[in-house]
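>>> what shape does this take:
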Amino acid sequence: MAETISARAETIPARALLAELEPVAESNLNRHLSMAKDWHPHDYVPWDEGRNFAAMGGIDWEPEQSRLGAVARAAMVTNLLTEDNLPSYHRLISDSFSRDGVWRTWVDRWTAEENRHGIVLRDYLVVTRGVDPVALEQARMTVMGQGVDDPTGTGDHAVLHGVAYVTFQELATRVSHRNTGKACDDPIADRMLARIAADENLHMVFYRNICGAALDLVPDDALDAITAVIENFRMPGAGMPDFRRNSVLIAKHGIYDLRQHLDEVIMPVLRRWNIFERNDFTGRGERTRDRLATFLDKLGKDVVRFEEHRDRALAREAARREKM
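Numbering: from 1, shown residues only. Presented below is the predicted three-dimensional model:
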């Protein structure tokens, strides 16, 4: 059947592609369920640190109450607000995969697991007074009011673009959560974010395997989607309040930067799919692969320039601190 699909016109009907991929999805859903660990958000929050706010006779938040540094606060808020847009992600993935059979089972399971991330992050930040809860709630309302319609950045809502995007995005989120935990300098936060990161890794594996199977079925079309997603990649929280400021802090201090994006997200996945070793592309696919290679070469040069600029900026900051 794979040969039949590959021989068709360039654009494969989504329903036919999903039907071909359904056995792979079922196998990977079963794999996921066998490996996923049940956990409870309340077990990761230091509830004994909680106290009432002014509306309940206590005191409202003040900056000095937070034990988190500026970088950790920026990363925690960015990660949480990204998780908050779960209703949009559920809608997009459901529309892409359909609400039938194993696809529905996966999307609903994925959504339920992802929902725990927002719950535990918000509980931790409010109980420990890590950030201003009023500003956090205002930002949540803004972010969810905007929603997410095209996280791929490609303008294409097809199955292949969607599954390629979530493969890279889930891995990027894993890296960001893990490094945020380390930046918090708090073993409770580190344990919590390691737990979240483990979920994100399992989610990435599901999507990576689906996209890998699509590459075997429709190599040219799948590579087109993968390349477009890499060229236009952006995290789904790009429209949130203070995103530019926070993303600069996050990149500058190693939470998630261009080097990590290339070396820990893009390249491991491309190697897993054997993108540059495959021999099943047509001339169109070969041209797309050449385009991808050119883009990755440019991205590698951008990484070096970014690191040089960052090192100079950090050195200047260190020199200013020494003079104070």
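
>>> tell me the secondary structure for residue 264?
helix (DSSP: H, G, I helix; E, B strand; the rest coil).

>>> for it, which non-adjacent residue is closest in space?
residue 175 (5.4 Å; CB to CB, 6 or more residues apart in numbering). All C-beta spots, glycine's among them, are computed from the backbone N, C-alpha and C.

>>> surely that neighbour touches residue 259?
No - using CB atoms under 8 Å, residue 175 is not in contact with residue 259; the gap is 10.8 Å.

>>> can you measure across stretch 269-282, start residue to end residue?
21 Å (CA to CA, to the nearest Å).

>>> okay, and the helix or strand of the chain with the least pLDDT?
helix 2-6 (a mean of 38; mean pLDDT, DSSP states H and E).

>>> from the chain's centroid, how far away is the helix or strand following that helix?
Following the chain from helix 2-6 toward its C-terminal end, the next helix or strand by DSSP states H and E is helix 14-35. Averaging C-alpha positions (CA atoms, centre = their mean, to the nearest Å) puts helix 14-35 21 Å from its chain's average.

>>> and what of stretch 286-293?
Distance, centroid of stretch 286-293 to centroid of chain: 25 Å (CA atoms, centre = their mean).

>>> how near is the residue nearest to residue 264 to residue 160?
24 Å (CB to CB, to the nearest Å).

>>> show me the contacts for residue 177.
Neighbour list for residue 177: 79, 193-194, 196-197, 200 [criterion: CB atoms under 8 Å, 6 or more residues apart in numbering].

>>> these: which two are farthest apart?
The most widely separated members of these, counting by CB to CB, are 79 and 194 (13.1 Å).

>>> neighbour-wise, which of the two wins?
Counted by other CB atoms under 10 Å, residue 79 and residue 194 do not tie: residue 79 has more neighbours, with 26 against 14.

>>> the more buried one: which element?
Residue 79 belongs to helix 70-84, assigned by DSSP H and E.
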